[in-house]
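*Asks:* sequence first, predicted model second:
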Amino acid sequence: MKLHLILSAVMARMLALRIDYRAVQDEAAMESMRRILNTFWFFAPLEIGLALWYGSYQVSAQRPQEQAWADSLFLLHAITAATTLLLIAVVQRILHRSHPGTRTVIALQVLMCLTYLMYGVVVSYFDLAVGGTEAFILVCFAVAGLSLMRPLVSMALFSVTFAAVWQMLLLSDRSGQQLAIMRLNSIAAIVLAVIVSAIIFHQYAKSLLLRRELEVLAGQDALTLLPNRRELMERLKMALGLSARNGRCGALLLIDLDHFKNINDTRGHIAGDLLLKEVAQRLLASVREGDTVARFGGDEFMVMLENLGSDLISAARQAEVVSAKILQSIRQQYILATSELGHSTASIGVALFSPGENSTEELIKQADVAMYQAKDAGRNTAQFYDAKMQARLVDRAAMEEDLRQALALGQFVLHYQSQVDSAGQLLGAEVLLRWLHPQRGLIAPGLFIPLAEEAGLIAAIGSWVLETTCLQLASWAMQPTMSGLTLSVNVSSHQFRQADFVDQVSRILLHTGADPMRLRLELTESIMVRDVGDVVAKMNALRGQGVSFSLDDFGTGYSSLAYLKRMPIDQLKIDQGFVRDILTDHNDAAIAKMVVALADSMGLSVIAEGVETREQRDFLAALGCHEYQGYLFGRPVPVKDFEAVLLRAAA
């Protein structure tokens with residue numbers, strides 16, 4: 001019957017350790033319950049079977065006058081054993097086939113404990129009747145476990161219960177030999193109980209230590225040992241509550257390392273981790289002892305400054321001082337264990353909080369907005385949150401979302417602006433993209449093209465523009481008055497750098513049937529900054545098919561003559577910034593004259609954009625520029641209006 005003690009120890013261990021649901025997920029608790037129930041399911045039938053056998057043996061040994069009474073007790077014992085097995089099976093099924101919550105798991109623990117308590121009471125009563133004592137230990141452990149308290153309290157309850165049982169033995173009417181055997185069994189049970197209790201206490205101590213370690217790790221970043229995002233959110237919530245009570249202002253600084261990805265890519269992740277650890281130490285050295293420095297995620301850190309005064313102006317001055325100190329610290333040279341890394345910089349976004357005016361989510365969002373504002377300002381600087389900046393970012397995000405749907409919804413349209421020669425003869429037009437937004441109206445490309453490049457949409461949009469332009473050329477080829485026109489299309493550097501750009505253009509020309517001689521691609525000087533050899537190869541491949549090229553906005557960008565002479569350009573375009581003040585600004589006039597002379601010496605045509613007055617046209621003509629584009633000759637208009645103007649002129 002010593003198996004009573006084995007099962008009792010298992011139950012006591014499960015209940016006395018008392019799972020802390022604040023630190024352990026329900027799934028972990030249920031897994032622990034499953035393992036314990038599997039132990040029950042293995043031992044319980046064996047233990048109950050032995051108990052029944054022992055009971056039947058004792059019943060058979062009774063005197064005839066006691067037989068009926070013994071049979072009744074045996075039947076009660078059997079019914080209790082069957083009920084115990086049934087309840088164990090039910091609990092096991094619940095835990096294995098469903099996902100109970102915390103309260104359900106606790107209820108199941110109490111149910112198991114009560115079941116074993118009931119079984120222990122019945123067996124104990126039956127065994128007292130036939131001379132056994134071990135089952136009383138089961139009652140002791142069940143009472144101790146039912147408390148759902150700490151091990152020391154459970155052991156105290158066990159001791160009280162066992163003392164009561166011992167007193168019952170002393171007061172029993174057993175014979176001397178029976179009483180001696182019962183006392184000997186009880187002493188053995190006490191020794192075993194002490195051993196089991198020691199094991200329980202040891203396991204509890206280990207689980208307590210593990211729980212404390214988990215609590216520390218739950219709020220600490222494993223790499224830098226700083227508070228993590230979760231811990232920061234808790235501290236920030238407490239800081240905002242304290243600010244509301246004491247009327248003191250504070251600040252939240254979001255620090256993002258500039259170009260950290262390049263360090264991981266070039267030096268490896270080990271060097272990146274070492275840098276993060278060093279930055280963490282420098283941040284700690286840059287703030288006061290009571291301030292919070294946390295790792296927010298990736299290469300982002302957060303610094304929370306409290307008690308910065310009772311007004312925002314004072315808080316802003318102190319936050320600015322701390323930000324400057326942090327920037328200075330991060331800029332210092334880094335000598336890591338792997339190698340000398342050199343210098344690094346950071347962008348800092350600062351959001352101030354005053355009593356009762358901010359929530360944690362709002363404050364973090366403001367710091368994030370300010371940090372991106374610092375990025376836009378050139379990095380290696382700190383910026384304070386600006387509500388207008390937030391409004392612009394919200395509007396930008398909404399526009400990006402609409403932009404992703406614009407192509408599929410057919411919201412893009414093409415406008416055509418005339419290009420003429422000195423005699424006013426129409427040579428062609430520049431194709432200009434417009435976004436016909438259902439709420440915002442007609443949006444100029446300068447407002448959405450940079451956004452499309454950042455969002456990775458420019459290739460799809462550019463391909464649509466090329467295909468639509470070629471379809472228009474193919475349509476005009478059937479009309480004598482328009483068949484000789486050339487259409488110029490702006491090509492983004494992002495689109496041109498695609499590996500299959502030449503194949504894309506070739507497929508579009510083949511699919512639409514457009515004449516390549518009537519298609520001119522306008523490139524900007526920025527395209528020459530990277531891989532000039534690849535640029536020249538693509539241009540030569542397309543030029544071999546008949547496509548011509550114009551260098552747009554010449555003189556405003558890279559302007560390398562060494563690269564220019566290698567590029568198969570057909571035309572230079574004088575930027576409208578030089579044309580606007582060409583009559584009053586000697587520098588603009590000199591640059592325009594230089595462009596015309598350069599084009600003439602290289603055998604290229606030259607066209608001036610932004611021509612709005614006859615005086616500008618005449619001045620350019622005197623310099624040798626004989627092709628023009630601007631409001632003087634026509635505004636950008638939809639294709640139907642462009643065709644109507646052309647037909648009226650022909651008539």
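*Replies:* Arrived safely, thanks for sending. Numbers count the residues shown, from 1 in each chain.

*Asks:* and the longest strand seen in the chain, what does it pack onto?
*Replies:* The residue-count maximum for a strand in the chain (DSSP state E) belongs to strand 426-437. Judged by 3 or more CB pairs under 8 Å, 6 or more residues apart in numbering; DSSP states H and E, strand 426-437 is in contact with helix 387-406, strand 412-421, strand 441-443, helix 445-454, helix 458-476, strand 486-490, helix 639-650. For glycine as for every other residue, the C-beta is placed from the backbone atoms N, C-alpha and C.

*Asks:* one more time with 7 Å, if that's ok
*Replies:* strand 412-421, strand 441-443, helix 445-454, helix 458-476, strand 486-490 (3 or more CB pairs under 7 Å, 6 or more residues apart in numbering; DSSP states H and E).

*Asks:* so for the fourth one, mean pLDDT?
*Replies:* The predicted model gives helix 458-476 an average pLDDT of 94.

*Asks:* and the angle for that helix with strand 412-421?
*Replies:* Taking axes from the mean of the first three to the mean of the last three CA atoms, to 10 degrees, helix 458-476 and strand 412-421 form an angle of 60 degrees between their directions.

*Asks:* okay, the angle between helix 458-476 and helix 639-650?
*Replies:* With the same axes, to 10 degrees applied, the angle from helix 458-476 to helix 639-650 works out at 30 degrees.

*Asks:* any chance of a markdown table for the helices and strands packed on strand 426-437, columns distance to Lys375 and mean neighbour count?
*Replies:* Putting these into a markdown table (distance: least, CB to CB, whole Å; neighbours: other CB atoms under 10 Å) gives the following:
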| stretch | distance to Lys375 | mean neighbour count |
| --- | --- | --- |
| strand 412-421 | 29 | 20 |
| strand 441-443 | 25 | 12 |
| helix 445-454 | 12 | 16 |
| helix 458-476 | 21 | 20 |
| strand 486-490 | 27 | 21 |
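
*Asks:* any chance of the ones you listed in TSV, with distance to Arg520 too?
*Replies:* Putting the helices and strands packed on strand 426-437 into TSV (distance: least, CB to CB, whole Å) gives the following:
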stretch	distance to Arg520
strand 412-421	10
strand 441-443	25
helix 445-454	18
helix 458-476	10
strand 486-490	4
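
*Asks:* and those: which comes nearest Ser347?
*Replies:* Proximity to Ser347 (CB to CB) singles out helix 445-454 among the helices and strands packed on strand 426-437, at 17.2 Å.

*Asks:* what's the angle between the closest one and strand 426-437?
*Replies:* Helix 445-454 and strand 426-437 are oriented at 70 degrees to each other (the same axes, to 10 degrees).

*Asks:* helices or strands up against helix 445-454?
*Replies:* Helix 445-454 is packed against helix 387-406, strand 426-437, with contacts defined by 3+ CB pairs under 7 Å, 6+ apart.

*Asks:* quick one on the thing from earlier: tell me which residues of the longest strand of the chain are tucked away?
*Replies:* Using 16 or more other CB atoms under 10 Å as the burial criterion, the residues of strand 426-437 that qualify are 426-435.

*Asks:* do the same with stretch 363-379
*Replies:* Applying a neighbour-count criterion of 16+ other CB under 10 Å, the buried positions in stretch 363-379 are 363-364, 366-375.

*Asks:* contacts for it, please.
*Replies:* For stretch 363-379, the surrounding residues in contact (CB atoms under 7 Å, 6 or more residues apart in numbering) are 252-254, 256, 258, 345, 347-351, 353, 381-386, 389-390, 393.
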